[in-house]
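A.B. asks: This is the structure alone, sequence omitted:
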């Protein structure tokens, strides 16, 4: 291995322009590792790769171990090279239109390894355009030239951003095979969107989201790898949240009325008040994040809404068209609410299939004890497709991982499209990967339905795209 030192990014924040910044990146690339950077469009994949090529302005943190010779292929580098060629015309004072730099000069002038360059020209079958001006090439042709330049530069590190983009199947396989011959001598970092294009030699995967390196996964960890695939599926799939079943539709509410209105509510015990004189209005399709430390009353506040707290009848509460205490039943209220919590997951210990767990949401039951319709089965299968679990539809729920169970219970809560979905600490007990999966599903629901979401957690800074309203509770105070 040419490069023996690891590349170390420590608490690194890099500014690219006024619109984008990579934040607090902690990442170590060992000499024997070969990485893929993946994530959704706009997440910061290319920016992170560009840092390894020296791009961006360091705001804070440290970058060490970067080798002197880095072979780079990216759309940005390709565009810069083409733009530099075009500027040659602007500099021509004799009004003679320049033909531009020919490809053979691009490849062989100052080439560190001409033999490799000639070999790759033959492999890419580019002999026919060596005398053509670089700027007259197609996008695919110029990309192949960029690849040859990078691979023949005696690189100590290769940074390849979507290197297979636009290649036909045979050329893609050829390039993957060629890169595989370099794995003992050159560490590689590839930016790729498609899992089916990950070369076999990749050892590690970095997942980037919203300018942060959120997950690092070993390729030989089958469970973590499958969960990352599922996360990318949830983040990138064009599948919409499935519709409700018209046969079991919830009664329509007045869209001009709030779903919930709490007027000066309190929960008090002999020695302390969880909260006092709290006003809160939740309007249709309005998403909220409810946060606060342990014991601040988050779950108690929710139980005022659901009718499960004994003090709900001594407070001024309006829910789903009902004034609390006006003779409404608890089931009249709960039909409008989908609820997911750790407590529900502990109770839902049945061995029924994944499909049946989702269908049970139509009946608000733990397990399925009613005959379901073809339409309900179809909707459940659409939810499984959205979650990337279609191939597991008949597997038993109690054999799933803790995180996958949480995803299924959120789908179960959403299957009727309730006006209000309450997610009480949905990430509690989950590792980073499963937490990202749950948050991705919540984002999908916020963006694609008319259900108002209350997302409950401990940390007000842990925000979800699509949630723009925040209520933070404080620690309880002693009563006088």
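C.D. replies: Nice, thanks for sending it over. This structure is a prediction, so every number in the text was calculated from the model and none was measured. Numbering: from 1, shown residues only.
A.B. asks: got the domain boundaries for this structure?
C.D. replies: Structural domains annotated on the chain: 7-236, 246-478, as defined by automatic domain parsing.
A.B. asks: Kindly reformat those domains as JSON lines and extend each row with mean pLDDT and mean neighbour count.
C.D. replies: The C-beta positions use only the backbone N, C-alpha and C, and glycine is treated the same way. Shown next, in JSON lines, are those (pLDDT from 0 to 100; neighbours: other C-beta atoms under 10 Å):
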{"stretch": "domain 7-236", "mean pLDDT": "89", "mean neighbour count": "17"}
{"stretch": "domain 246-478", "mean pLDDT": "89", "mean neighbour count": "17"}
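A.B. asks: can you give me the strands for the stretch 151-300 of the chain?
C.D. replies: 157-161, 188-191, 204-209, 212-218, 260-268, 272-282, 288-291 (DSSP state E, counting those that start in this stretch).
A.B. asks: Rebuild the ones you listed as CSV, extending it with distance to residue 379.
C.D. replies: Shown next, in CSV, are the strands of the stretch 151-300 of the chain (distance: least, C-beta to C-beta, whole Å):
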stretch, distance to residue 379
strand 157-161, 40
strand 188-191, 37
strand 204-209, 29
strand 212-218, 31
strand 260-268, 27
strand 272-282, 26
strand 288-291, 26
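A.B. asks: Which of these sits closest to residue 7?
C.D. replies: Go through those one by one with C-beta to C-beta and the one that ends up closest to residue 7 is strand 157-161, at 7.4 Å.
A.B. asks: now that closest one, how far from the chain's geometric center?
C.D. replies: Between the mean C-alpha location of strand 157-161 and the chain-wide mean there is a distance of 23 Å, by C-alpha atoms, centre = their mean, to the nearest Å.
A.B. asks: helices and strands around that strand, which ones?
C.D. replies: helix 45-51, strand 70-73, helix 139-151, strand 188-191 (3 or more C-beta pairs under 8 Å, 6 or more residues apart in numbering; DSSP states H and E).
A.B. asks: From the contact counts, what lies against the helix or strand that the first one is followed by?
C.D. replies: Read it as helix 45-51. Heading C-terminal from helix 45-51, the first helix or strand you meet, by DSSP states H and E, is strand 57-64. For strand 57-64, the packing partners by 3+ C-beta pairs under 8 Å, 6+ apart come out as strand 7-17, strand 20-29.
A.B. asks: Can you show me the helices along this structure?
C.D. replies: Counting by DSSP state H, the chain forms helices over residues 45-51, 75-90, 103-108, 114-124, 139-151, 169-180, 222-236, 298-306, 330-334, 342-347, 354-360, 374-387, 402-414, 432-448, given from the N-terminal end onward.
A.B. asks: Tell me the gap between the fifth one and the middle of its chain.
C.D. replies: Chain-centre distance of helix 139-151: 30 Å, with C-alpha atoms, centre = their mean.
A.B. asks: Name the surrounding residues that touch that helix.
C.D. replies: Outside helix 139-151, the residues that touch it by C-beta atoms under 8 Å, 6 or more residues apart in numbering are 71-73, 77-78, 81-82, 103, 106-107, 111, 116-117, 120-121, 124, 126, 129, 134, 137, 158, 160, 163, 165-167, 171, 175, 178, 182.
A.B. asks: give me that answer again for 7 Å
C.D. replies: 71-73, 77-78, 82, 103, 106-107, 116-117, 120-121, 124, 126, 129, 134, 137, 158, 163, 166 (C-beta atoms under 7 Å, 6 or more residues apart in numbering).
A.B. asks: if I look at residue 121, how far off is residue 165?
C.D. replies: Computed as C-beta to C-beta, to the nearest Å, the residue 121 to residue 165 distance reads 20 Å.
A.B. asks: Contact partners for residue 228?
C.D. replies: Contact analysis of residue 228 by C-beta under 7 Å, 6+ apart lists 205, 207, 215, 217, 433.
A.B. asks: Distance to residue 225 added to those, as JSON lines?
C.D. replies: Shown next, in JSON lines, are the contacts of residue 228 (distance: C-beta to C-beta, whole Å):
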{"residue": "205", "distance to residue 225": "7"}
{"residue": "207", "distance to residue 225": "11"}
{"residue": "215", "distance to residue 225": "11"}
{"residue": "217", "distance to residue 225": "6"}
{"residue": "433", "distance to residue 225": "10"}
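A.B. asks: ok, of those, which one's closest to residue 237?
C.D. replies: residue 207 (16.1 Å).
A.B. asks: So the closest one is in contact with residue 38, correct?
C.D. replies: Yes. When contacts are counted by C-beta atoms under 7 Å, residue 207 is listed as touching residue 38 (5.9 Å).
A.B. asks: Tell me the bridge partners for the nearest residue to residue 394 once chain neighbours are set aside.
C.D. replies: Using C-beta to C-beta, 6 or more residues apart in numbering and skipping the chain neighbours, the partner closest in space to residue 394 is residue 353 (5.0 Å). Residues found in beta-bridge contact with residue 353 (criterion: DSSP bridges) are residue 396.
A.B. asks: And for residue 289?
C.D. replies: Under DSSP bridges, the residues paired with residue 289 across the bridge are residue 455, residue 470.
A.B. asks: starting at the chain centroid, how far to stretch 328-336?
C.D. replies: That offset, for stretch 328-336, works out to 35 Å (C-alpha atoms, centre = their mean).
A.B. asks: How about stretch 426-440?
C.D. replies: Once both centres are worked out by C-alpha atoms, centre = their mean, stretch 426-440 turns out to sit 11 Å from its chain's centre.
A.B. asks: and that stretch, how far apart are its ends?
C.D. replies: 12 Å (C-alpha to C-alpha, to the nearest Å).
A.B. asks: what does that stretch contact?
C.D. replies: For stretch 426-440, the external contacting residues (C-beta under 7 Å, 6+ apart) are 214-215, 224, 227-228, 230-231, 234-235, 340, 342, 402-403, 406-407, 410, 457, 464.
A.B. asks: Over to stretch 59-72?
C.D. replies: Counting by C-beta under 7 Å, 6+ apart, 3, 5-15, 52-53, 150-151, 153-159 sit against stretch 59-72.
A.B. asks: 8 Å instead?
C.D. replies: With C-beta under 8 Å, 6+ apart as the contact definition, stretch 59-72 has outside contacts at 2-3, 5-15, 21, 24-25, 29, 51-54, 149-151, 153-161.
A.B. asks: what's the answer for stretch 470-480, then?
C.D. replies: Applying C-beta under 8 Å, 6+ apart, the contact partners of stretch 470-480 are 268-276, 280, 288-293, 295-298, 301, 460.
A.B. asks: Turn the helices and strands packed on strand 57-64 into TSV, columns for distance to residue 333.
C.D. replies: As requested, the helices and strands packed on strand 57-64 are arranged in TSV below (distance: least, C-beta to C-beta, whole Å):
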stretch	distance to residue 333
strand 7-17	47
strand 20-29	42
